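S.K.: Sequence below, structure please.
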Amino acid sequence: MKPSLLIVGLGNPGRSYEETRHNAGFAAVDVLGDAFGTRAWTERQKFQAFEREARVVTVPVLLLKPTTFMNLSGTAIYKAVDFFKLDHASQLLVCCDDIDLPLGTVRLRMSGGPGTHNGLKSVVEQFGENFPRLRIGIGPKPDGVDLAAWVLSRMETQERQMLEDTLKTLPSMVQSFILDRSEG
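M.R.: This next block holds a predicted model:
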């Protein structure tokens with residue numbers, strides 16, 4: 001299947017990173033996979049990622065979770081974009097955590113800088129800043145706490161529930177994003 005859209009969740013592979021703040025992008029594509037997936041997740045060595053085919057209304061979509069670790073996410077995304085000959089500005093959507101947004105907030109941007117996010121920095125190195133991204137708020141780090149340690153920590157139960165409630169809104173948001181783009 002040649003996808004019309006590649007949706008990538010940024011995160012770190014492995015059990016020790018599951019349910020950490022920095023893996024909100026992986027959690028996002030898991031929710032999208034549950035809503036739209038047509039096949040199970042499979043590992044695709046060619047892309048250094050797990051992939052899952054999906055269909056949003058009539059649009060073929062490929063969901064991707066890179067196994068390169070966050071800081072090299074752009075490498076895996078580039079391999080998939082290049083293989084399918086996709087236009088990163090119109091056929092790529094990157095989902096990631098964002099410390100500058102309050103927990104429970106989601107923001108869709110069509111372009112922009114990476115800020116302090118090393119996963120986005122890796123994607124920007126491959127494509128420049130012109131690609132859509134869905135930023136999922138995880139809230140700011142507490143004062144005096146190391147940023148890397150904080151984003152790699154697990155959420156408290158109440159925070160986790162807020163994130164899960166937020167992620168439930170993504171299928172309708174992504175469907176609107178796809179339909180709006182196909183009408184334009």
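
S.K.: tell me which residues in the worst-scoring helix or strand of the chain on mean pLDDT are buried?
M.R.: Least confident helix or strand, the chain: helix 170-183 with a mean of 89, by mean pLDDT, DSSP states H and E. Under the neighbour-count criterion of 16 or more other CB atoms under 10 Å, helix 170-183 has Leu170, Val174, Gln175, Phe177, Ile178 buried. C-beta: built from backbone N, CA, C; applies to glycine.

S.K.: Would you list the phi and psi of the residue lying farthest from the centre of the chain?
M.R.: Going by CA atoms, centre = their mean, the residue of the chain most distant from its centre is Gly144, 27.9 Å out. Main-chain dihedrals, Gly144, degrees, to the nearest 10: phi 80, psi 0.

S.K.: Need the per-residue pLDDT for it.
M.R.: Looking at Gly144, its pLDDT stands at 94.

S.K.: how near is it to Trp150?
M.R.: Taking CB to CB, to the nearest Å as the criterion, Gly144 is separated from Trp150 by 10 Å.

S.K.: So for stretch 74-86, mean pLDDT?
M.R.: Average pLDDT, stretch 74-86: 97.

S.K.: Put the alpha carbons of it into CSV.
M.R.: What follows is stretch 74-86, C-alpha atoms only, in CSV (Å, rounded to 0.1, in the frame of the first residue of the first chain):
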residue,chain,number,x,y,z
GLY,A,74,14.5,12.1,11.4
THR,A,75,16.6,9.2,10.0
ALA,A,76,13.7,6.7,10.1
ILE,A,77,11.1,9.3,8.9
TYR,A,78,13.4,10.2,5.9
LYS,A,79,13.7,6.6,4.9
ALA,A,80,9.9,6.2,4.8
VAL,A,81,9.3,9.5,3.1
ASP,A,82,11.9,8.8,0.5
PHE,A,83,10.8,5.2,-0.1
PHE,A,84,7.2,6.2,-0.8
LYS,A,85,8.2,9.4,-2.6
LEU,A,86,6.0,11.5,-0.3
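
S.K.: All the helices of the protein, in order from the start?
M.R.: With DSSP state H as the criterion, the chain has helices at 24-36, 73-84, 118-127, 147-151, 157-167, 170-183.

S.K.: So for Gly104, which of those helices sits nearest?
M.R.: helix 157-167 (4.7 Å; CB to CB).

S.K.: Off-centre distance for the closest one?
M.R.: Relative to its chain's centre, helix 157-167 lies at 17 Å (CA atoms, centre = their mean, to the nearest Å).
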